[in-house]
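Novice: Build me a structure from this.
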Amino acid sequence: MSYRVLVVDDEPLARQRLKRLLDEHKDFACIAEAGDGQAAVDWLSQFRADLVLLDIQMPGLDGLQAAEKIRSLANPPVIVFCTAYDDHALAAFDVDAADYLLKPIRKEDLIRALSRAAERLSRQVAGPAARTHISARTSQGLVLTPVDDVLFFSADQKYVSMHHADGETLIDDSLKQLEEEFPQRFMRIHRSYLVASDRVQRLENTDDGVVLWLRGSDHPLPVSRRHAPGVKKHLRGC
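Specialist: Numbers count the residues shown, from 1 in each chain. Predicted coordinates:
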């Protein structure tokens, strides 16, 4: 999935820097740029963007005024403010901005903002119930993994890992958050494991206890005594 980004700033060098930073994130593509708020509103009245990276201090229609107009459009994009001033943060969130970045924009701050934007956009596609992709901040930038590709989630103290066909990725979500968001898609089998319900293959009794095998995974996962009845019920219903 690739999200369409409009970059809005009255300084050409600032736009160029944002575009260079965006180039490091394959899921986000700058498809247009504007030099002031009114130009951004005019462009969005004719074309579609998923995300707007929006400066605040601009001549004419400033970023906050532009955001108000953008919010009134049909299917408005997600807005992330990029500004040199920190005194507009409250006003920025009054217009439902996903994030507020201070210049010069740092890579890690942009990754955080893109992650938040991706989650909002994913929810818009899926409806209020759940996301279609899980976002993760990595050394390579923001990574989006389709929920359908996830085999299971594991927790180790405060860290949660997402296991999928391409490997393992650390994420910011907790197992509890994921379980509440995806009650029909993922099933708790242990306090440290949440598995994709449609991947459940079989249970096996071992000397160390009951383990669960998943389709697509070469390693069995432990099933706690507390959760074993629910897993067995799920298997009988499959």
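Novice: So, low pLDDT: which residues of the protein?
Specialist: Residue ranges of the chain with pLDDT under 70: 1, 88-90, 92-93, 125-130, 140, 238.
Novice: quick check: domain ranges of it?
Specialist: 3-126, 145-237 (automatic domain parsing).
Novice: Need the distance between the two termini of stretch 139-149.
Specialist: Counting by Cα to Cα, to the nearest Å, the length from the leading to the trailing residue of stretch 139-149 is 21 Å.
Novice: Does anything pack onto the lengthiest helix in the chain? Which helices or strands?
Specialist: Longest helix in the chain by number of residues (criterion: DSSP state H): helix 107-126. Under the contact criterion of 3 or more Cβ pairs under 8 Å, 6 or more residues apart in numbering; DSSP states H and E, the helices and strands touching helix 107-126 comprise strand 3-8, helix 12-22, strand 51-54, strand 78-83, strand 99-102, strand 133-138, strand 141-146. All C-beta atoms are positioned from the backbone trio N, CA, C, and that covers glycine.
Novice: Need the winner for burial among the domains of the chain.
Specialist: Looking across the domains of the chain with neighbours counted as mean count of other Cβ atoms under 10 Å, the highest average goes to domain 3-126: a mean of 18.
Novice: before we move on, back to that, and of the domains of the chain, who's closest to residue 137?
Specialist: Between residue 137 and these, the shortest gap by Cβ to Cβ is with domain 3-126, which sits at 4.8 Å.
Novice: From the chain's centroid, how far away is the closest one?
Specialist: Centre-to-centre, domain 3-126 and its host chain are 16 Å apart (Cα atoms, centre = their mean, to the nearest Å).
Novice: one step back: can the domains of the chain go into a markdown table with extra columns for distance to residue 133?
Specialist: Written out in a markdown table, the entries for the domains of the chain read as follows (distance: least, Cβ to Cβ, whole Å):
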| stretch | distance to residue 133 |
| --- | --- |
| domain 3-126 | 5 |
| domain 145-237 | 6 |
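Novice: I'd like the helices and strands packed on helix 107-126 as TSV, with distance to residue 201 appended.
Specialist: Converted to TSV, those look like this (distance: least, Cβ to Cβ, whole Å):
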stretch	distance to residue 201
strand 3-8	35
helix 12-22	41
strand 51-54	39
strand 78-83	39
strand 99-102	41
strand 133-138	22
strand 141-146	21
